Every structure is written in structure tokens, then in C-alpha cells.
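Student: Compute the structure for the input listed below.
(one chain, ligands or ions: 1)
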Amino acid sequence: MSNHSTMLPIITIDGPSGSGKGTISQQVADALGLHILDSGALYRLVALSVLQKNISPICADNEAEIYQLAEKLDAAFLTTDEGEVKILLEDKDVTQAIRAEECGKTASQVATLKTVRKALLTRQRNFLQTPGLVADGRDMGTIVFPDAKLKIFLTASTEIRGKRRLNQLKEQGINANLHGLIRDIEERDTRDMQRKDAPLVPAADAITIDTSKLSIDEVVALVLKAYKKAYL
Ligand code: DC
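Tutor: Alright, predicted model coming up:
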């Protein structure tokens, strides 16, 4: 990272799926007027390309092809006048499509590939622009922005995370089974935590917040308080 970029404020917010990272990151970025990086969306975009091209993400022979997809990923993140983020893949709006369970599972699988992580590294670092960045993911504090002065790691029990996901799906009119969702979350956690490259772990200097019993507002307030201490 350049000297210029390391001078800008960066808040890394890492944690497992369903820990509240997305919502908390967005609200913190809005409150502070900072840019946002949804790094999971990048892995999901690679996953969507893989699914569209019918490439098996778990066959080692396909790694070179998946790497090429990640390297050449034609993606754009646009903010609408209403402040919503629209995600485009090859000029097509895939904002909803990348949130499908299958895409999340495939994202977790392609994320185990070292070459894919390498292909996305510079792209992620390029999100750091004036006035600063909130970076949401799994390895933001450990690998992508190791110099960030504020690193947050969010956790929550699998039960709570399953319930949150169930509610999200209900809001979209999708029926799901809580036990199935919890099983999928546990499977994804295991893969994300046990992979060799950039596993999901808190950075040594991260502040861990268990969001199980906290409201969104309470977590945002804790992060903003920590931001003031780190940067102001
Ligand atoms: O945060 P998410 O559910 O959108 O992420 C989808 C998958 O992408 C996640 O299971 C693992 C992978 N991922 C990653 O390996 N590193 C990141 N920084 C972000 C996501």
C-alpha cells in the first residue's frame, strides 16, 4: 500500500456470515461518510461467473480457469441517487442474484483458491479512496488492510445467525428451514476458518464484538466510539 493510502482512515469489519457485518459496515460508512468495500460480493461475483459457465469449483483441474475469471472479472459497484448499491457483472444487474444461497456456498468454495484470492487483492485495495474506507469481509484486517488502525471482528452464535438469515429470506418471500440454514452456516464457517490461505480469524489487534444480544444501533455505536479513539 502507498504512503498516501495508509494515511486514510480504514475500518476493517470481519466475521462469519450472519454476524451482521454487511448492515453494520453500511451504517458505519454512512455515519462517517466513508466508502465501503463489500469484499464478499467480489467472491460472490466470481462464484456467479463460475456457476453461469458450469465450472465445478471443487475440481482442482479448474483452478486456472477460475483464476482467469477472477482476474478478468468485469464488475462494477454503482451507487444510485437513493444511496443503494447496484452490482453489475458484465453490465448486467446481479445485485439480487449474487445473494442466493448457492452463490454464497460457491463463493466460499472459490475463496479457498489461493490464485483467486491473489487475483482479487489489488482490486480490493483500490477501493481505498479519500476520505477513507469501511472494508467488510473475512481477511480485511489480516491480509488486505493489515495497517488499518481500527479492526473489528463480529461474532454471533450459529443459532442467531441462522435466525437472521431465515428472516432475511422471509422478507424476500423465500421459505427456508432453520435447521438447514444453521447446517449450511456451520459448513461455510468450517470451510472459511480452516482454509490454508487467509482463513477467517480475528487479527491479533482486532476488537471482537459478540452481536448475539446487541441491536444494530448498539453495535454501530460501539464501532463509532472505537473509531473516535483510533482516528480522532
Ligand atoms: O460475506 P459473504 O457471505 O458475502 O461472503 C461469501 C463468501 O466469500 C464467504 O463464505 C467466504 C468468501 N469471502 C472470503 O473468503 N474473504 C472475504 N474477504 C470475503 C468473503
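Student: Spell out which residues of the chain are next to the ligand.
Tutor: Contact residues, the chain versus the ligand (CB under 6 Å from any ligand atom): 17, 39-40, 43-44, 104, 107-108, 111, 137-139, 188, 192. All C-beta atoms are positioned from the backbone trio N, CA, C, and that covers glycine.
Student: Now for those residues: which two are most distant?
Tutor: Gly104 and Asp139 (16.7 Å; CB to CB).
Student: Could you give me the buried positions within stretch 128-136?
Tutor: Leu128, Gly132, Leu133, Val134, Ala135, Asp136 (16 or more other CB atoms under 10 Å).
Student: where in the protein is pLDDT low?
Tutor: 1-6 (pLDDT under 70).
Student: just the helices in it please.
Tutor: 3-7, 21-32, 39-52, 63-71, 101-110, 114-125, 158-171, 178-194, 216-231 (DSSP state H).
Student: which ones are touching Gly162?
Tutor: Shown in contact with Gly162 (CB atoms under 8 Å, 6 or more residues apart in numbering): Gly18, Leu178, His179, Leu181, Ile182, Ile185.
Student: Give me the neighbour count for the nearest residue to it once chain neighbours are set aside.
Tutor: Nearest in space to Gly162, with sequence neighbours left out and distances taken as CB to CB, 6 or more residues apart in numbering, is Ile182 at 3.8 Å. Ile182 has 20 neighbours, counted by other CB atoms under 10 Å.
Student: so Ile182 touches Glu159, yeah?
Tutor: Yes: if you go by CB atoms under 8 Å, Ile182 and Glu159 touch, sitting 6.7 Å apart.
Student: who's sitting farthest from the centroid in this structure?
Tutor: Within the chain, the residue lying farthest from the chain centre (CA atoms, centre = their mean) is Asp61, at 26.6 Å.
Student: returning to what we had before: of the helices of the chain, which stretch is the most buried?
Tutor: For the helices of the chain, the stretch with the most neighbours on average is helix 39-52, a mean of 23; neighbours defined as mean count of other CB atoms under 10 Å.
Student: can you state the direction angle for it and helix 114-125?
Tutor: Computed by axes from the mean of the first three to the mean of the last three CA atoms, to 10 degrees, the angle separating helix 39-52 from helix 114-125 equals 130 degrees.
Student: From the contact counts, what lies against helix 39-52?
Tutor: Helix 39-52 sits against helix 63-71, strand 75-79, strand 85-89, helix 101-110, helix 114-125, strand 133-137, with contacts defined as 3 or more CB pairs under 8 Å, 6 or more residues apart in numbering; DSSP states H and E.
Student: Tell me how far it lies from the chain's centre.
Tutor: 12 Å (CA atoms, centre = their mean, to the nearest Å).
Student: what's the angle from it to strand 133-137?
Tutor: Per the same axes, to 10 degrees, the angle that helix 39-52 makes with strand 133-137 is 50 degrees.
Student: can I get the CA coordinates of helix 39-52 in PDB?
Tutor: Output of helix 39-52 as PDB, limited to C-alpha atoms (Å, rounded to 0.1, in the frame of the first residue of the first chain):
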ATOM      1  CA  SER A  39     -15.400  -8.000  -0.400                       C
ATOM      2  CA  GLY A  40     -17.800 -10.900  -0.100                       C
ATOM      3  CA  ALA A  41     -19.600  -9.500  -3.100                       C
ATOM      4  CA  LEU A  42     -16.400  -9.900  -5.200                       C
ATOM      5  CA  TYR A  43     -16.100 -13.600  -4.200                       C
ATOM      6  CA  ARG A  44     -19.800 -14.000  -5.000                       C
ATOM      7  CA  LEU A  45     -19.300 -12.400  -8.400                       C
ATOM      8  CA  VAL A  46     -16.600 -14.900  -9.200                       C
ATOM      9  CA  ALA A  47     -18.900 -17.600  -7.900                       C
ATOM     10  CA  LEU A  48     -21.800 -16.400 -10.200                       C
ATOM     11  CA  SER A  49     -19.400 -16.500 -13.200                       C
ATOM     12  CA  VAL A  50     -18.400 -20.000 -12.300                       C
ATOM     13  CA  LEU A  51     -22.000 -21.100 -11.900                       C
ATOM     14  CA  GLN A  52     -23.000 -19.400 -15.200                       C
END
